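K.L.:
Predicted model and sequence follow; I will ask about them next.
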Amino acid sequence: EKVGLANQTTMYKKETRAIGQLFQKTMMKKFGPVKSKEHYMEFDTICDATQERQDAIHDMVESAQKDGLDFILVIGGWDSSNTAHL
């Protein structure tokens, strides 16, 4: 009964952190705080470059009105997960 969580690289870090915390809390309830580390491990596989682009777009959207920005065009592959997330 061991669980490992590897994050999909194009998800937001805060989203995968929330999922990881749910797993961690569940394992703590089942095995207790000390023993849970024997049964649960989390692997951070998020690509930092992807996260930086996602953060930049988020900041751009947040400041769009102040900056007078009406439209954001994301250019990327039609089947790209990175493009879809941006």
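P.N.:
Received, thanks. Residues are numbered from 1 along each chain as shown.
K.L.:
Now do the buried residues in the helix or strand of the chain at the bottom of the mean pLDDT ranking.
P.N.:
Lowest by mean pLDDT, DSSP states H and E among the helices and strands of the chain is strand 3-6, with a mean of 75. By 16 or more other CB atoms under 10 Å, the buried positions in strand 3-6 come out as Leu5. From N, CA and C alone the C-beta is placed, and that goes for glycine too.
K.L.:
after that strand, next one along is what?
P.N.:
Counting by DSSP states H and E, the next helix or strand C-terminal to strand 3-6 is helix 13-31.
K.L.:
for Met60, what are its contacts?
P.N.:
Residues near Met60 by CB atoms under 8 Å, 6 or more residues apart in numbering: 67, 69, 72.
K.L.:
Which ones among the residues you listed map onto helices?
P.N.:
Asp67 (DSSP state H).
K.L.:
hmm, back to that, and the least confident helix or strand of the chain, what does it pack onto?
P.N.:
If contacts are counted by 3 or more CB pairs under 8 Å, 6 or more residues apart in numbering; DSSP states H and E, strand 3-6 sits against helix 13-31, strand 40-43.
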